[in-house]
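Novice: can't give you the sequence, but here's the structure:
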């Protein structure tokens, strides 16, 4: 099992990028960082990498926010695991989040991210 | 307990209206019917009735569809129980549904609606 | 299957007694009514009837309240399904309720009671 | 919604057949009765009827028992909802049951069957 | 995210204190240790620190045991995540535990504590 | 708590053995490795070690495969936590897996294994 599950991380704050990347690496995942929603959707549309889940900040620098990126990921794969990370936008989740997603309110511990990701991946239906 | 829990039902097809109303009445709920998304949001905004949950069709005759009505209900109350009923639009749920909602794919039995509603109501956090 | 699952119902209000008894009978259960916590614990201690679950009001006329009755039932059987019915005492549940119990806030529909009971019974570990 | 969800019921005891059929009809389902495991697998293999779930007794008169029928149904559809009804064979479920199935221990109330069925149907992934 | 989620740990055995503190630190949490139930309730009553969850031993040296501390925490915040750690008192949990709590039976692995904590924090309703 | 929970791991590929052993050790568990289903069942039958869970590959070199080992473990203890690891055999899980088990599809991250194990152990009923 030299292959690691690759997780798409959408985050434009470099400090949080590092925090998330460290947490995922520690849990045995590989983080693929996108700095904007536009970059994330381009990568998800491409067929070169098999991403297993999305971890996204809400407020991003481009036109697309984290709610948009998650909906885009679900259009490609209706079972795609989605985790939102946010501080200020947490109360928007019951309105703008997708079904079967998890919201992490900042500040959160690395273990919370890794557990949330593992729960969603372990519960995901099998690809056919 | 002469008072019954009142459920907002959004449906413009009179046959389905009757089916849903019968199922809810049989389970001991009271159905308040709105024929369009616009009527539903007006009723939800008003303070005259305490609605306990939303049961909504997706494709409606006005400008608002069922996805819109659910988001509106969640803006008023982030814990509002939401059930969507649909045939053709089921595959849109992972993208356009709100978190912690239930989708009923037509055809469904009255017991499925009543069980879904009871599960959401029994799990809902207490009002403070 | 002429035998019906027997549910212990603790309630001193005769109107609510009738409401609960009708709901349980409609769902195919048999209600055994106790008018006080003291009567309920005496019946639970006896070995003449096999009760399958407890449905209890909180505020009762004797010294024991519904929280006490539930703890007593769990001392006899740690997996005993417990449902509380209450209006005013709902905010006490996170403090005084037992684990894996369900709280029904009044007013509730008969279907909510029957679904809650069925969920707990269907999830209960097998007797050995 | 004149169409009803059709449930495959495998049961060779005519009294229990009637009990299950009444419970399903009351909940708004249509029961298709098979008197043996062999008849059930033949019907499931055919393409004439779209069955939505399996409700099966364990001890059957032919060579196939309920555990076999459930495995057969899951080979056709890996997400097929499965409910077992049993008295004596309940302790075999953790060994011989399929994942995501529900066991109903006799005696059970009609509402327990209808709730179990509704829970499994409401949680089932969407057909594609 | 230089801020870490602070977890109230109530434990009077220094060896277990160290074990729990190491597990929490490894998961990215900060442990605030109270050596008795009395110290824990004093700290929880104060407004200087925002504790995010309670991890408590059952048998403590003062008058308050772990069951008492958990009820006290829930009086302050009805959604407060609660984890009990115990060896001998595990069979008391169905009677004396609070709803939506987790019991860890000794011996347990650090990962079990961190996963239990993450599950409860990730599922907790949003503060308003 | 010098004692660690011991996990039975059934795996004949030495690379995967090392991967699993490292993941479990990192989470604070102790791995007991069996190289075949036959060795695993012999160890489970013995009374010298108290195993807390089973982590098993599906395709094994002997006559018994992972599905067989899990059923054997459940005959000894109907609540025994079971995790299957597989690549090619994942689509067989809905048919051949035991109830309340978790399937990890290769490739998976160490955190997915440790989270799955912790979830099953934390939810397991108390031994009496």
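Specialist: Nice, thanks for sending it over. This structure is a prediction, so every number in the text was calculated from the model and none was measured.

Novice: Where is the longest strand in chain A?
Specialist: Using DSSP state E to define each element, chain A has its longest strand at strand A:51-57.

Novice: For that strand, what does the pLDDT average out to?
Specialist: Taken as a whole, strand A:51-57 carries a mean pLDDT of 97.

Novice: now the strand or helix carrying residue A:23, how far from the centre of its chain.
Specialist: Secondary structure assigned from DSSP states H and E places residue A:23 in helix A:14-27. Helix A:14-27 sits 12 Å away from the centroid of its parent chain (Cα atoms, centre = their mean, to the nearest Å).

Novice: Okay, angle between the helix or strand just after that helix and helix A:14-27 too, please.
Specialist: Counting by DSSP H and E, the next helix or strand C-terminal to helix A:14-27 is strand A:30-34. Per axes from the mean of the first three to the mean of the last three Cα atoms, to 10 degrees, the angle that strand A:30-34 makes with helix A:14-27 is 160 degrees.

Novice: contacting residues around strand A:30-34?
Specialist: A:4-11, A:17, A:20-21, A:24-25, A:40, A:43, A:49, A:51 (Cβ atoms under 8 Å, 6 or more residues apart in numbering or on different chains). Placement of C-beta: from N, CA and C, glycine included.

Novice: Spell out which parts of chain A neighbour chain F.
Specialist: A:1, A:3-5, A:26-29, A:114-115, A:117-119, A:121-122, A:126, A:128 (Cβ under 8 Å from any Cβ of the partner chain).

Novice: what about 7 Å?
Specialist: Taking Cβ under 7 Å from any Cβ of the partner chain as the contact definition, chain A meets chain F at A:1, A:3-5, A:27-29, A:114-115, A:118-119, A:121-122, A:126.

Novice: ok so, going back, go through the helix holding residue A:23 and flag the buried ones.
Specialist: Applying a neighbour-count criterion of 16 or more other Cβ atoms under 10 Å in any protein chain shown, one finds A:17, A:19-21, A:23-24, A:26-27 buried in helix A:14-27.

Novice: Determine whether any part of it lies close to chain E.
Specialist: Yes. Judged by Cβ under 7 Å from any Cβ, helix A:14-27 and chain E are in contact via A:16, A:19.

Novice: Output the contacting helices and strands for that helix.
Specialist: Helix A:14-27 is packed against strand A:30-34, helix A:110-123, with contacts defined by 3 or more Cβ pairs under 7 Å, 6 or more residues apart in numbering or on different chains; DSSP states H and E.

Novice: if we go to 8 Å?
Specialist: Secondary-structure packing of helix A:14-27 (3 or more Cβ pairs under 8 Å, 6 or more residues apart in numbering or on different chains; DSSP states H and E): strand A:6-10, strand A:30-34, strand A:51-57, helix A:110-123, helix F:110-123.

Novice: quick check: angle from the fourth one to helix A:14-27?
Specialist: Relative orientation of helix A:110-123 and helix A:14-27, computed by the same axes, to 10 degrees: 60 degrees.

Novice: in helix A:110-123, what's buried?
Specialist: Of the residues in helix A:110-123, those buried (16+ other Cβ under 10 Å) are A:110-122.

Novice: ok, and what's touching the helix holding residue A:23?
Specialist: A:7, A:9, A:11, A:30-31, A:33, A:55, A:57, A:85, A:110-111, A:113-114, A:117-118, E:1, E:28, F:109-111.

Novice: Please repeat the previous calculation with a cut-off of 7 Å.
Specialist: A:7, A:9, A:11, A:31, A:33, A:55, A:57, A:110, A:113-114, E:1, F:109-111 (Cβ atoms under 7 Å, 6 or more residues apart in numbering or on different chains).

Novice: which one among these gets closest to residue E:63?
Specialist: When these are compared for distance to residue E:63 (Cβ to Cβ), residue A:110 wins out at 37.3 Å.

Novice: what's the closest non-adjacent residue to the closest one?
Specialist: Closest residue to residue A:110 apart from its sequence neighbours, by Cβ to Cβ, 6 or more residues apart in numbering or on different chains: residue A:23 at 3.4 Å.

Novice: Check that neighbour and give its pLDDT.
Specialist: For residue A:23, the pLDDT comes out at 98.

Novice: likewise residue A:93?
Specialist: Looking at residue A:93, its pLDDT is 97.

Novice: Which of the helices or strands spans it?
Specialist: For residue A:93, the host element (DSSP H and E) is helix A:93-96.

Novice: Now the element after that helix, going C-ward?
Specialist: strand A:102-105.

Novice: what's stretch A:3-12 in contact with?
Specialist: A:17, A:20, A:24, A:28-37, A:40, A:43-44, A:49-57, A:60-61, A:66, A:69, A:117, F:107-109.

Novice: hmm, I was thinking of stretch A:67-79
Specialist: Here stretch A:67-79 makes contact (Cβ under 7 Å, 6+ apart) with A:10, A:37, A:40-41, A:44, A:54, A:56, A:58, A:80, A:82, A:96, A:98, A:101, A:124-125, B:91, B:94-95.

Novice: One more: stretch A:96-106?
Specialist: A:67, A:70-71, A:74, A:82-87, A:90, A:93, A:112-113, A:116, A:120, B:93-95, B:97, B:99, B:101, E:1, E:122, E:126.

Novice: Could you check the pLDDT of the closest residue to residue A:102 other than its chain neighbours?
Specialist: Sequence neighbours aside, residue A:116 is the residue nearest to residue A:102 in space, at 4.5 Å (criterion: Cβ to Cβ, 6+ apart). Listed pLDDT for residue A:116 reads 98.

Novice: Using the three-state scheme, assign the residue nearest to residue A:37 when sequence neighbours are not counted.
Specialist: Excluding the flanking residues, the one nearest residue A:37 by Cβ to Cβ, 6+ apart is residue A:64, at 2.9 Å. Look at residue A:64: counting by DSSP: H, G, I helix; E, B strand; the rest coil, its state is coil.

Novice: Next up, the contacts around residue A:64.
Specialist: When contacts are taken as Cβ under 7 Å, 6+ apart, residue A:64 is in contact with A:37-38, A:41.

Novice: Who wins on neighbours among those?
Specialist: Neighbour counts for the contacts of residue A:64 peak at residue A:37, which has 24 neighbours (criterion: other Cβ atoms under 10 Å in any protein chain shown).

Novice: Out of the contacts of helix A:14-27, which two sit at the greatest distance?
Specialist: Farthest-apart pair in these is A:57 and F:110; separation 25.4 Å (Cβ to Cβ).

Novice: Name whatever forms a beta bridge with the residue positioned nearest the centre of chain A.
Specialist: In chain A, the residue lying closest to the centroid (Cα atoms, centre = their mean) is residue A:55, at 1.3 Å. According to DSSP bridges, the residues that bridge with residue A:55 are residue A:9, residue A:83.

Novice: Compute the distance between the nearest residue to residue A:115 once chain neighbours are set aside and chain C, please.
Specialist: Distances taken as Cβ to Cβ, 6+ apart put residue E:118 closest to residue A:115, at 3.6 Å, once the chain neighbours are dropped. According to Cβ to the nearest Cβ, to the nearest Å, residue E:118 and chain C sit 19 Å apart.

Novice: which ones are touching residue E:118?
Specialist: A:111-112, A:115.

Novice: ok, residue A:122 touching residue F:114?
Specialist: No. Between residue A:122 and residue F:114 there is no contact under Cβ atoms under 7 Å: 10.9 Å.

Novice: Tell me how many other residues crowd residue A:46.
Specialist: Neighbour number of residue A:46 under other Cβ under 10 Å is 9.

Novice: That one and chain D: what is the separation?
Specialist: Counting by Cβ to the nearest Cβ, the gap from residue A:46 to chain D is 23 Å.

Novice: separation between that residue and chain C?
Specialist: From residue A:46 across to chain C, the span is 44 Å (Cβ to the nearest Cβ).

Novice: which ones are touching that residue?
Specialist: When the contact criterion is Cβ under 7 Å, 6+ apart, residue A:46 has no partners at all.

Novice: Can you give me the pLDDT of it?
Specialist: pLDDT, read off for residue A:46, is 92.
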